[in-house]
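Enquirer: need a structure here:
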Amino acid sequence: MSSTTRPYGSPSLGTTQRDRDRSVRRRERAELALIALCWVSVIVAVMLFLGSGRPAQVTDLASVVTAAGIVTGLIGTDLLLLMLVLAARIPWVDRTFGQDAAMRLHRRLGKPAVYLVLGHGALLTVGYSLRDGLSLWHQTLSLYSGADMLLALLGSCLLVLVVVTSLVVVRRRLAYEAWHTIHLVSYAAVLVAVPHQLSAGQVLSGSTPQSVYWICLYVLAFGSIAWFRFAAPLLATEEHQLRVAGVETLAPDVFSIHLSGRDLPRLGARGGQYAIWRFWSRGTWWHAHPISFSAVPTDTSVRLTVRALGRGTERLARLRPGTKVSVAGPYGIFTDAARTAPRLAVVAAGIGVTPARALLEDTGLRPGEATVVLRATDRSQTFLWDETRSLVQDAGGAVVEMIGSRPAEESSWMPLEAIERGATIASVFPELQESDLFVCGPAEWADLVVRDARAAGVKDRQIHVERFV
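Expert: Predicted coordinates:
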């Protein structure tokens with residue numbers, strides 16, 4: 001482990017810190033508002049059902065079970081539509097939570113939504129069986145004889161497939177391309193339930209407050225997907241006319257892709273963000289890649305730095321100059337705008353150096369404000385370190401280089417040599433509690449950094465993480 005001389009003394013809080021405090025308060029209020037809107041959406045769906053007159057028909061056990069099935073279906077559908085909204089990459093949601101946080105909430109809603117939808121089918125089958133005096137088997141055959149009910153059953157099966165493939169143990173065994181393709185069927189899974197709601201469900205028929213609510217929610221969910229996932233990226237791609245200018249090899253499995261374009265400041269990219277890129281060559285057009293900016297874009301150029309982790313990213317190293325590039329984004333709040341404290345602490349490992357380097361370039365660093373730890377297993381992983389070191393040291397900051405393998409049990413994010421010397425996160429960052437900590441690197445490694453930071457007393461609002469596969 002080697003390090004530069006570390007300057008001491010915190011910069012004054014001044015206007016910049018007051019602005020950061022106001023920004024944090026705005027984000028916290030917005031986050032609470034978004035969570036509240038999710039709860040309100042579910043409550044409204046249930047209240048509209050209760051006010052529809054249907055509960056008056058609850059007179060016996062069969063009708064109780066049937067009503068419970070209807071309510072679980074309404075809540076499950078509401079959660080599914082909210083999941084689509086969270087996955088639509090709406091700029092306001094991205095600025096509030098960050099796309100990673102929005103997708104975490106999206107995943108958290110997944111299992112409850114599917115369980116409720118499955119419970120909806122099971123409860124209705126039992127309820128109708130009690131009402132009609134049929135066995136569960138005969139009631140199931142009768143219930144699912146119509147085309148709309150078969151579509152609803154198909155939608156439920158598709159949702160189960162999406163949830164199963166999202167489980168960590170399964171996700172790790174699937175190629176990203178296969179997982180992504182399977183996951184896209186969630187849109188179809190929700191759509192195929194619409195005929196069922198028009199006929200059997202009756203919540204979209206007529207002009208009641210209940211039907212108006214559901215129609216508006218469907219329009220919001222699928223309208224957001226259509227605009228922000230498809231139309232807006234197409235318009236941005238046409239506006240900026242991005243092309244591959246060249247590919248530069250940095251290490252055996254690491255390379256930078258240089259892009260040229262026009263009016264690139266209108267992208268609004270900040271250092272630390274990423275975008276979704278599609279490269280229109282024969283072997284790569286069918287796969288979109290989430291890649292961080294490794295430098296702040298200029299008026300006419302963009303640089304992306306990629307580590308080849310599979311066949312999809314390996315093909316990018318062979319891109320030819322002139323290849324057309326589509327872009328969606330930028331996304332993420334791993335930026336200077338997320339800061340809450342007067343000092344800056346950064347820990348980056350492997351390809352995680354790319355957003356860290358861009359973040360530092362885009363931050364107006366004050367003298368001695370930043371301390372950066374660069375982490376690698378060996379010297380082959382030190383790509384972009386020279387650039388990062390220059391950005392920090394030119395502003396009077398400190399750079400700590402940690403090279404070496406972790407302990408055999410991988411219980412620490414530091415190399416074994418540093419641990420034997422007694423290094424801790426507090427000794428590396430003496431002003432840690434007065435710092436925003438930005439962590440970028442492999443997911444399990446980043447979790448260890450966050451664990452140590454929390455144990456050292458750093459508040460969650462001061463910790464910002466960008467995890468890589």
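
Enquirer: low-confidence ranges, the stretch 1-150 of the chain, go.
Expert: 1-28, 98-100, 143-150 (pLDDT under 70).

Enquirer: so which residues of it form strands?
Expert: Along the stretch 1-150 of the chain, the stretches classed as strands by DSSP state E, counting those that start in this stretch are 2-3.

Enquirer: tally of neighbours for the closest residue to Cys440 other than its chain neighbours?
Expert: Nearest residue to Cys440, sequence neighbours excluded (C-beta to C-beta, 6 or more residues apart in numbering): Gly352, at 3.4 Å. The C-beta positions use only the backbone N, C-alpha and C, and glycine is treated the same way. Neighbour count for Gly352, taken as other C-beta atoms under 10 Å: 26.

Enquirer: now do the contacts for Gly352.
Expert: Neighbour list for Gly352: 439-442, 446, 466, 468 [criterion: C-beta atoms under 8 Å, 6 or more residues apart in numbering].

Enquirer: among those, which lie within helices?
Expert: Per DSSP state H, helices hold the following members of those: Ala446.

Enquirer: which one of the contacts of Gly352 has the most neighbours?
Expert: Counting by other C-beta under 10 Å, top hit in those: Cys440 with 29 neighbours.

Enquirer: please tell me how far Leu448 sits from Ser411.
Expert: Separation of Leu448 from Ser411 (C-beta to C-beta, to the nearest Å): 8 Å.

Enquirer: between the two, which one's more packed in?
Expert: Looking at Leu448 and Ser411 with other C-beta under 10 Å, you find the greater number of neighbours at Leu448, namely 19 against 10.

Enquirer: which one is that one nearest to, not counting chain neighbours?
Expert: Closest to Leu448 by C-beta to C-beta, 6+ apart is Trp413, at 4.1 Å.

Enquirer: surely the one you found touches Arg406?
Expert: Yes: between Trp413 and Arg406 there is a contact under C-beta atoms under 8 Å: 7.2 Å.

Enquirer: have a look at the two and say which one is more surrounded.
Expert: Trp413 (26 against 19).

Enquirer: helix/strand/coil for the more buried one?
Expert: coil (DSSP: H, G, I helix; E, B strand; the rest coil).

Enquirer: and stretch 389-400, what's its mean pLDDT?
Expert: Mean pLDDT, computed over stretch 389-400, is 91.

Enquirer: still on that earlier bit, per-residue pLDDT, the residue nearest to Cys440?
Expert: For Gly352, pLDDT reads 90.

Enquirer: so it: helix, strand or coil?
Expert: helix.

Enquirer: again with Val399
Expert: Strictly by three-state DSSP, Val399 counts as strand.

Enquirer: ok, it - contacts?
Expert: Here Val399 is in contact with 3-4, 371-374, 388-389, 392-393 (criterion: C-beta under 8 Å, 6+ apart).

Enquirer: quick one, helices of the stretch 1-150 of the chain?
Expert: 14-50, 61-86, 91-97, 99-132, 136-143, 147-166 (DSSP state H, counting those that start in this stretch).
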